[in-house]
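Trainee: Mind folding the following:
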Amino acid sequence: MSTAFFTPDPETVAASRIADFARLQGMDPGDYAALHQWSVTDLEGFWGAVWEYFDIDADTPYEQVLAEERMPGARWFPGATLNYAHHALRNLAEDDAAILALDETGSGYEVTGGRLRALVASVAATLRDLGVGKGDRVVGYLPNTPHAIVAFLAAASLGAVWSVCGQDYAPKAAADRFAQLEPTVLIAADGYLFNGTIHDRRDAVLELAHALPTLKATLLVDHMGLPWPSQAYPSLVVPWKDASTRTEELACVPVPFDHPLWVVFSSGTTGLPKGIVHSHGGVLLEHLKTLGLHSDLGPGDRLLWYTTTHWMMWNLVASTLLAGATTCTYDGSPAPFAKLDRLWELAARHRVTVFGTSPQYLLGMAKFGIDPSVHDLSSIRVVGCTGSALPASAYPWVRDHVGEHVLLASISGGTDIVSGFAGSAPNTPIWSGELSAPHLGVALAAYDSEGFPVIDQVGELVVTRPMPSMPLYFWNDPDGSRYRDAYFSSYPGVWRHGDWITVTGHGSVIVHGRSDSTLNRNGVRLGSADIHDVVERLPEIAEALVIGAEEPDGGYWMPLFVVPAAGVALDDTLREKIRNAVRTGASPRHVPDEILEVPGIPHTRTGKKLEVPIKRLLQGAPVEQVVNPATVDSPELIDHYVRLGAERREGRTTA
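Mentor: Numbering: from 1, shown residues only. Below is the predicted model of the structure:
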C-alpha cells in the first residue's frame with residue numbers, strides 16, 4: 001500500500017460531524033471504510049439515519065425510506081411532504097451573515113439571516129401575485145450574486161421549479177434551455193462584472209424575454225446600476241426593488257419528497273441541452289450529507305467556492321444554507337488582472353473555512369508564482385477542488401502555499417446527481433492524485449468490459465444502488481427513454497456515468513477522464529488527464545489537449561495540441577522537451593504522435609475541454625452534429641479544428 005500524503009489529526013477527526021454521526025450509529029468514528037460499507041449495504045438504515053441526524057422537518061412523515069430500489073425509478077421516502085426552502089432558512093441566525101456578497105474589486109456586503117428571510121418572503125409573494133404556483137417554472141438570467149439565491153428560494157418556497165444560467169450565455173443559448181421549460185417568470189440582471197469590465201446585458205435580457213412566449217412577467221434586477229430603458233417587453237415588467245421590499249410572512253408550501261426542485265442542464269455540446277430534474281427531498285438529503293458530513297460545514301462556518309450560476313457547484317453553494325453556514329457569492333473573474341490572488345485575499349479577510357476551486361485555478365496559481373500564504377489563511381480547513389481530475393503535482397503546492405493542516409478534497413461528481421461520487425472526509429487519509437474514497441451512500445465500482453468490478457484496474461465508473469439525488473427524469477422525456485439511454489443502456493439496472501476510474505487496493509479512486517474520450521492505443525487505454533497534467537506543468541505551455549482518433553484505414557492518430565505561454569514559440573526543442581516530459585511523467589505509451597500549436601483550446605461554459613467534439617471534428621463529422629457553438633466559451637476556435645481535420649484528410653487522400 002502506498003504511503004498517504006495526508007493523515008487527518010485524531011483530535012480533528014473526533015470533533016467532526018462525521019465522527020459524531022458514526023458514534024450515533026455505534027461505529028468507530030475513525031473507520032470511514034466501515035461507515036461507507038454500511039451506507040451502501042443498508043440504504044434504508046443509512047438514509048434514515050441522515051434524516052434523523054439533520055432533523056428533517058417534514059410536514060407529514062414518511063411511510064418507509066425506500067419503497068422501490070430499482071434504477072431508474074427508485075421511490076424514496078413516500079408519504080413525506082417537506083420544502084427545501086424551509087430547511088435552507090430555518091437555521092440561520094437573525095443577525096449573522098447568511099450570505100456574503102463579494103466581487104473581484106474586493107468590495108462586498110452581507111445579507112443577514114433575518115434579511116434573507118424577509119427578501120425571500122417578499123419575492124415569493126410577488127411571484128405568487130404573478131400567478132406562480134406549484135410546478136410552474138421560474139428562470140433566472142443572473143450572475144452569482146445574492147439575487148440568484150433569493151430568487152431560487154422564493155420559487156422553491158412556492159413549490160415552483162427553478163432554473164438559472166449565467167449572463168455570459170448569449171440570449172439564444174439561454175433560450176435553448178429556458179424555452180423548453182415554458183417558464184412563467186424570468187428574473188434577469190442588467191449586467192455583470194468580469195476582469196474589470198462591466199458587461200451590459202440589458203439588450204440581451206430583452207432578446208431573451210422575446211424568445212420565451214410563455215412569460216407572464218420579467219423581474220429586472222439593478223445589479224450594476226445601469227438604467228433600464230423603456231422598451232417594449234413582451235410581458236409585464238416588475239423592478240426587483242418593488243418585488244423585494246414588501247413586508248410579508250414567509251410560508252413554504254409542503255410538497256412531496258419527489259416534487260421537482262430545479263432543472264439543471266447538461267453542457268449541451270450537441271443539440272438542445274438536456275434538462276435534468278432533481279427533487280426537493282433528494283437534494284436536501286444529499287447536500288446535507290455532502291456539506292455536513294464530508295465538508296464538516298455547520299453554523300459559524302463560511303464557504304467560498306468560485307462558480308458561475310450555470311455550473312452545478314452554484315447549487316451546492318446555495319445549499320450551504322441548509323447546514324446553517326454562511327455562503328459567499330462572487331461576481332467576477334477568479335483571477336482578475338488587477339489582483340490575481342483576489343480570492344485568497346477575500347478568503348483571509350472573511351475567515352473562510354471551506355475554499356472551493358478548480359484544478360486549473362490551482363495549477364495556474366503555481367505556474368504564475370502566486371503565493372496565497374502571504375495572506376492569513378489559518379481559518380481554511382478544507383480546500384475543495386472539482387471540475388476535472390486534480391493532478392498529483394497540486395497536492396504539495398496546496399500544502400506548502402495554503403497550509404499543511406488543510407484537507408485537500410478532490411471531488412468527482414456531476415450535474416447528473418448535482419453532487420459527488422467520490423472525494424474526501426475529515427476522517428479519510430489523502431493520497432496525491434487520488435480521491436480518498438467513494439462518498440457515503442454511493443455504491444461506486446469500476447466495471448471491466450464484461451461488467452465485473454475490478455480493483456487496481458481501469459474501468460467504467462458505475463453506481464450499483466440508487467441515490468436520492470439521481471434525476472427524477474429528463475425534461476420533455478415522457479417515456480424515460482432518453483434518461484435510460486444516458487445512464488442505463490450499458491449495464492441494465494446499473495448507473496454508468498461515463499468516466500474511466502481505478503478503485504485502488506486501499507480504497508481510493510483515481511479518475512482518468514471521460515470514457516468516451518479515453519485514448520486507446522494498440523488496445524491499451526490511456527487517460528487524457530495523465531498527459532494534460534504533465535504537459536501543463538511545463539512553464540512554456542499555457543494549455544494542452546490530446547485526442548485519439550480512429551482513422552478509416554484502421555490507423556490511430558494521437559495528436560497533442562498545445563497553446564504556448566505568452567512569448568514562447570513551439571519549435572523542435574520544445575517539442576522534444578514535451579515528449580521527454582510525457583515519457584518520464586506518464587509513460588512511453590503516452591507520447592503523442594504529433595505536437596501541434598493551436599490558438600486556443602475550446603471548453604464548455606463550465607470549463608471542460610471539448611475532447612470528444614474536437615476528436616469528431618478532426619474525423620470529419622459536420623459541426624452541427626458535433627457541437628453547438630453557443631455552448632462553447634470560444635466558438636471561434638471551432639473553425640480552426642475543422643480546417644485541421646480537412647487538411648489532414650486531404651493530405652492523407654492525396655498521399
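
Trainee: Going by C-alpha atoms from here, please, whenever you check contacts or count neighbours.
Mentor: Fine.

Trainee: Give me the below-cutoff pLDDT ranges for the stretch 201-350 of the chain.
Mentor: Applying pLDDT under 70 to the stretch 201-350 of the chain picks out residues 267-271.

Trainee: how about the helices in it?
Mentor: Ranges of helices within the stretch 201-350 of the chain are 202-210, 240-244, 280-288, 312-319, 342-349, based on DSSP state H, counting those that start in this stretch.

Trainee: among those, which is nearest Trp51?
Mentor: helix 280-288 (7.0 Å; C-alpha to C-alpha).

Trainee: Which residues belonging to the closest one are considered buried?
Mentor: Buried residues in helix 280-288, counted by 16 or more other C-alpha atoms under 10 Å: 280-288.

Trainee: which residues make contact with that helix from outside it?
Mentor: Helix 280-288 has contacts (C-alpha atoms under 8 Å, 6 or more residues apart in numbering) with 47, 50-51, 54, 76, 82-84, 255-261, 316, 319, 322-323, 418-419, 468-470.

Trainee: Quick check, Arg351 in contact with Leu304.
Mentor: No - applying C-alpha atoms under 8 Å, one finds Arg351 not in contact with Leu304, separated by 9.9 Å.

Trainee: what residues does stretch 614-621 touch?
Mentor: By C-alpha under 8 Å, 6+ apart, stretch 614-621 touches 547-551, 623, 626, 641-642, 644-646.

Trainee: Please pick the buried ones from the residues you listed.
Mentor: Buried among the contacts of stretch 614-621 (16+ other C-alpha under 10 Å): 547-550, 623, 626, 641-642, 644-645.

Trainee: so Ser295 makes contact with Ala425?
Mentor: Yes - the criterion here is C-alpha under 8 Å, and Ser295 meets it with Ala425 at 6.5 Å.

Trainee: Contacts only, for Val238.
Mentor: Counted by C-alpha under 8 Å, 6+ apart, Val238 has contacts 217-220.

Trainee: ranges for the helices of the stretch 501-650 of the chain?
Mentor: Assigned by DSSP H, counting those that start in this stretch, the helices in the stretch 501-650 of the chain fall at 528-536, 572-585, 611-618, 623-626, 638-654.

Trainee: quick revisit: please identify the most buried of the helices of the stretch 201-350 of the chain.
Mentor: Mean neighbour count (mean count of other C-alpha atoms under 10 Å) peaks for helix 280-288 among these, with a mean of 25.

Trainee: Using CSV, list the CA coordinates for that one.
Mentor: Written as CSV, here are the backbone C-alpha positions of helix 280-288 (Å, rounded to 0.1, in the frame of the first residue of the first chain):
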residue,chain,number,x,y,z
HIS,A,280,-36.8,18.7,-3.1
GLY,A,281,-36.1,15.8,-0.8
GLY,A,282,-33.3,14.2,-2.7
VAL,A,283,-31.3,17.3,-3.0
LEU,A,284,-32.0,18.2,0.7
LEU,A,285,-30.6,14.9,2.0
GLU,A,286,-27.7,14.6,-0.5
HIS,A,287,-26.5,18.1,0.1
LEU,A,288,-26.8,17.9,3.9
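
Trainee: So, low pLDDT: which residues of this structure?
Mentor: Ranges of the chain meeting pLDDT under 70: 1, 267-271, 514-518, 520-527, 552-555, 587, 652-655.

Trainee: Give the closest residue to Arg202 in space, chain neighbours not counted.
Mentor: Once flanking residues are discounted, Arg202 sits nearest to Asp190: 5.1 Å by C-alpha to C-alpha, 6 or more residues apart in numbering.

Trainee: The one you found against Leu219, yeah?
Mentor: No - Asp190 lies out of contact with Leu219 (C-alpha under 8 Å); the separation is 10.7 Å.

Trainee: who's in contact with Arg23?
Mentor: Pro29.

Trainee: and the gap between it and Leu35?
Mentor: The gap separating Arg23 from Leu35 is 10 Å, by C-alpha to C-alpha, to the nearest Å.

Trainee: Also Phe337?
Mentor: For Phe337 relative to Leu35 (C-alpha to C-alpha), the value is 45 Å.

Trainee: Leu261 contacts Ser279, doesn't it?
Mentor: Yes - counting by C-alpha under 8 Å, Leu261 touches Ser279, with 5.0 Å between them.

Trainee: Tell me which of the two has more neighbours.
Mentor: Per other C-alpha atoms under 10 Å, whichever of Leu261 and Ser279 has more neighbours is Leu261, with 31 against 24.

Trainee: tell me the contacts of the more buried one?
Mentor: With contacts defined as C-alpha under 8 Å, 6+ apart, Leu261 is in contact with 84, 156, 159-162, 277-280.

Trainee: ok, 7 Å please
Mentor: 156, 161-162, 278-280 (C-alpha atoms under 7 Å, 6 or more residues apart in numbering).

Trainee: And it, how far from Gly135?
Mentor: Separation of Leu261 from Gly135 (C-alpha to C-alpha): 9 Å.

Trainee: just Val263 next, same as before
Mentor: Applying C-alpha to C-alpha to Val263 and Gly135 gives a distance of 12 Å.

Trainee: These two: which is more packed in?
Mentor: Between Val263 and Gly135, counting by other C-alpha under 10 Å, Val263 is the more crowded of the two (25 against 17).

Trainee: For Met71, which non-adjacent residue is spatially closest?
Mentor: The shortest distance from Met71 to any non-neighbouring residue, by C-alpha to C-alpha, 6+ apart, is to Gly493 (5.1 Å).
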